[in-house]
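*Asks:* Sequence plus the predicted model coming up.
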Amino acid sequence: MLARLTWILVGLSMSPWIAHAQTCVEAGADAPLPEIALQEVAAGFDKPVHITHAGDGSGRLFIVEQDGVVRIIENGKVREAPFLDIRSRVSSGGEKGLLSIAFHPRYRENGLFYVNYTRGRVILETIVSRFRRDSPHRADPGSEEVLLQVRQPFPNHNGGQIMFGPDGYLYVGMGDGGLANDPLGHGQDTTTLLGALLRIDVDGQEVGRSYAIPPDNPFLGRRHGRGEIWAYGLRNPWRFSFDARDGRLFLADVGQDRIEEINVIKRGGNYGWAIMEGDRCISDEERCRKTGFEMPIFTYPHPKGFSVTGGFVYRGKRMPALCGAYLFADYVSGIIGGLRLRDGRVSRHGILRESGYNISSFGEDESRELYVAAHRGGKILRITAPEP
């Protein structure tokens, strides 16, 4: 344990997580939300669904294509050869596919990274695997080590994001398994990994597992709970992120018929699905008890949007007026929205831009500037200030 704590502290001291003093100056909870513009960085991608960086000081962006390819943008150009190509292993289409990539906090030294994808035609599974770098611009596809293998009963609601938190642990978003109204009851069942946000230690290993469970996970050791679960009651978490300043975990959960929601995730929190959709009861509103559920910090109804895409709290330096605002999008309507918080409550919100794109993901570079992926348009665009 002491050895692990040492490398976490060393790793974080070298990481942008610890560099919050060098991020933008907070604009304030009541500061207006500025308009934004979108500047094309690169095009020609095949259904991009995730954007991230490796934290290795290279300045590169890594773009995940849904069919099973990861590509690199370097110095404004897309490298011809992919970083990783596992199309032969990925079951793609609809909500399935290669859905995210996460680089180990010490990637520069150890060359390790992780991916989340769906596999199988008859029996569908979510796979979380570890790979190794073969060269600076190429991964070794033969180095795969499967860490998590979760049966998916239906083809939708796969969640699919993985991301390292400021604590050095890997967080995994899992949908409820699919169809409508959570027919198998996964959202409120802590004995399944579906419908939950997981948290695992990829640097440890336990009997029967290729990973360890962090000792402060809320359901560790409980008879009726899986130790991997950090929070539950989720329908289909589509993109989460950590605020670089204070580590708060923002998660967007895609709604069903009425409500899209954004949550700040707490340890052990129950976010209500499928008793609640956002802040509303699914049925019998008058008799429904909301006690015991964590309410979303922000919701918006259909038809203002139909599928929320979670983003980031902006901590870059190019747009001071945007500092401290959380950005999100809606895949169907194409809006990019923003909100500010005071004491955990939304103090200001609004639409920053009508993008005209199906935005599948936000991403952050090493300078904490933000990008969006236009899924059908095959483009990566940088969020910037409008031209005067």
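*Replies:* Nice, thanks for sending it over.
*Asks:* most residues in a single strand of this protein, which one?
*Replies:* Assignment by DSSP state E gives strand 138-152 as the longest strand of the chain.
*Asks:* by contact count, what packs against that strand?
*Replies:* strand 84-85, strand 112-119, strand 124-135, strand 196-200 (3 or more CB pairs under 8 Å, 6 or more residues apart in numbering; DSSP states H and E). Where you see a C-beta, it was placed from the backbone N, CA and C, and this is true even at glycine.
*Asks:* C-terminal to the first one, what's the next element?
*Replies:* Which is strand 84-85. Next helix or strand after strand 84-85 toward the C-terminus (DSSP states H and E): strand 98-103.
*Asks:* Let me know the angle separating that next one from strand 112-119.
*Replies:* Strand 98-103 and strand 112-119 are oriented at 170 degrees to each other (axes from the mean of the first three to the mean of the last three CA atoms, to 10 degrees).
*Asks:* Using PDB, write out every CA atom in stretch 179-197.
*Replies:* Taking C-alpha atoms only, stretch 179-197 is exported to PDB below (Å, rounded to 0.1, in the frame of the first residue of the first chain):
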ATOM      1  CA  LEU A 179     -33.900  -1.900 -23.900                       C
ATOM      2  CA  ALA A 180     -36.500   0.400 -22.200                       C
ATOM      3  CA  ASN A 181     -37.400   0.800 -18.500                       C
ATOM      4  CA  ASP A 182     -34.400  -1.300 -17.400                       C
ATOM      5  CA  PRO A 183     -36.300  -4.600 -17.700                       C
ATOM      6  CA  LEU A 184     -33.800  -6.700 -15.800                       C
ATOM      7  CA  GLY A 185     -33.600  -4.100 -12.900                       C
ATOM      8  CA  HIS A 186     -29.900  -3.500 -13.200                       C
ATOM      9  CA  GLY A 187     -29.900   0.100 -12.200                       C
ATOM     10  CA  GLN A 188     -31.000  -0.600  -8.600                       C
ATOM     11  CA  ASP A 189     -29.100  -3.900  -8.300                       C
ATOM     12  CA  THR A 190     -25.600  -3.500  -6.700                       C
ATOM     13  CA  THR A 191     -24.800  -7.200  -7.300                       C
ATOM     14  CA  THR A 192     -24.300  -6.500 -11.000                       C
ATOM     15  CA  LEU A 193     -21.800  -4.200 -12.700                       C
ATOM     16  CA  LEU A 194     -24.400  -2.900 -15.100                       C
ATOM     17  CA  GLY A 195     -26.000   0.500 -14.500                       C
ATOM     18  CA  ALA A 196     -23.100   1.700 -12.500                       C
ATOM     19  CA  LEU A 197     -19.900   3.700 -12.400                       C
END
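*Asks:* Not counting its own residues, what contacts that stretch?
*Replies:* Stretch 179-197 is contacted by residues 148, 150, 152-154, 156-157, 171-177, 219, 222, 224-226, 228-235, 237, 240, 251, 256, 265, 270, 272-275, 282 when judged by CB atoms under 8 Å, 6 or more residues apart in numbering.
*Asks:* Please list only the buried members of these.
*Replies:* Buried by 16 or more other CB atoms under 10 Å: 148, 150, 152, 154, 156-157, 171-177, 219, 225-226, 228-235, 237, 240, 251, 256, 265, 270, 272-275, 282, out of the contacts of stretch 179-197.
*Asks:* and after the helix or strand of the chain with the lowest mean pLDDT, which helix or strand comes next?
*Replies:* Lowest on mean pLDDT, DSSP states H and E among the helices and strands of the chain sits helix 2-13, with a mean of 42. Remark: after helix 2-13, the chain's next helix or strand is strand 37-42, criterion DSSP H and E.
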